[in-house]
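Asker: Pasting the sequence and the predicted model now:
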Amino acid sequence: MKTTLSLTAVLLVLLTGCSTDAPRDSAGQVTAAATTDAFSIKVGDCIGKLDGDSAKELPLTPCDQTHFWEAYASSTLDGTDFPGTSQVNDLSDKACSAAYKGFMGIVLDDSKYEVTYLSPTKESWTQAQDREVVCLVGSANGNITGSLKGKAK
């Protein structure tokens with residue numbers, strides 16, 4: 001199962017400067033639960049339940065605590081003109097699928113986990129120069145503790 005999240009609401013937060021960053025240790029790992037926006041998610045971050053289609057407020061949590069998703073890869077899309085939502089989704093699917101085996105140790109089609117991603121919208125592409133796709137692996141049901149890296153499930 002794959003879903004995508006809209007960054008439209010995130011753009012509003014970014015442009016108004018209301019972003020909240022999570023507390024991190026010297027290695028960059030989240031040390032306490034916090035709420036942040038999609039622009040602050042880093043590979044290795046663990047995320048709680050994703051509500052709706054907005055990436056305005058994402059619940060970060062330390063990976064050693066129960067969570068729903070883990071950011072396992074990021075990719076930058078090329079181009080100056082927004083290619084359209086369908087094309088962004090296709091490119092995001094390809095980028096996340098290509099990175100999956102290297103992270104999980106198994107191809108996506110053989111995995112029990114779900115993949116979703118945070119990708120640019122037309123607004124974030126044109127107004128915030130957003131080209132980043134952040135790939136997430138996990139389960140909409142949650143109950144994941146620790147990193148999924150190399151789990152091969």
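Answerer: Cool, got the structure.
Asker: Secondary structure element holding residue 73?
Answerer: strand 69-76 (DSSP states H and E).
Asker: Now do the strands in this structure.
Answerer: With DSSP state E as the criterion, the chain has strands at 2-5, 34-36, 46-47, 58-61, 69-76, 114-118, 132-138.
Asker: Figure out which of those is closest to residue 125.
Answerer: When those are compared by C-beta to C-beta, strand 132-138 sits nearest residue 125, at 10.3 Å. Heads up, the C-betas are built off the backbone N, CA and C, glycines and all.
Asker: picking that back up, most neighbours per residue, which of the strands of the chain?
Answerer: strand 46-47 (a mean of 26; mean count of other C-beta atoms under 10 Å).
Asker: Run me through the strand neighbours of that strand, direction for each.
Answerer: strand 58-61 (antiparallel), strand 69-76 (antiparallel) (DSSP bridges).
Asker: Can you tell me what sits against the first one?
Answerer: The reference is to strand 58-61. 22, 30, 33-38, 41, 45-50, 67 (C-beta atoms under 8 Å, 6 or more residues apart in numbering).
Asker: Apply 10 Å and report the result again.
Answerer: 5, 10, 20-24, 30, 32-42, 45-51, 67-69, 71, 118, 136 (C-beta atoms under 10 Å, 6 or more residues apart in numbering).
Asker: Just put the strands paired with strand 46-47 in TSV and tack on mean pLDDT.
Answerer: Shown next, in TSV, are the strands paired with strand 46-47 (pLDDT from 0 to 100):
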stretch	mean pLDDT
strand 58-61	93
strand 69-76	97
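Asker: Rebuild the ones you listed as JSON lines, extending it with distance to residue 142.
Answerer: Below are the strands paired with strand 46-47 laid out as JSON lines (distance: least, C-beta to C-beta, whole Å):
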{"stretch": "strand 58-61", "distance to residue 142": "10"}
{"stretch": "strand 69-76", "distance to residue 142": "9"}
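Asker: looking at those strands, which is closest to residue 132?
Answerer: Of all the strands paired with strand 46-47, strand 69-76 comes closest under C-beta to C-beta, at 5.8 Å.
Asker: so what does the longest helix along the chain touch, helix or strand wise?
Answerer: Longest helix of the chain, by residue count under DSSP state H: helix 85-104. Judged by 3 or more C-beta pairs under 10 Å, 6 or more residues apart in numbering; DSSP states H and E, the packing partners of helix 85-104 are strand 2-5, strand 69-76, strand 114-118, helix 122-127, strand 132-138.
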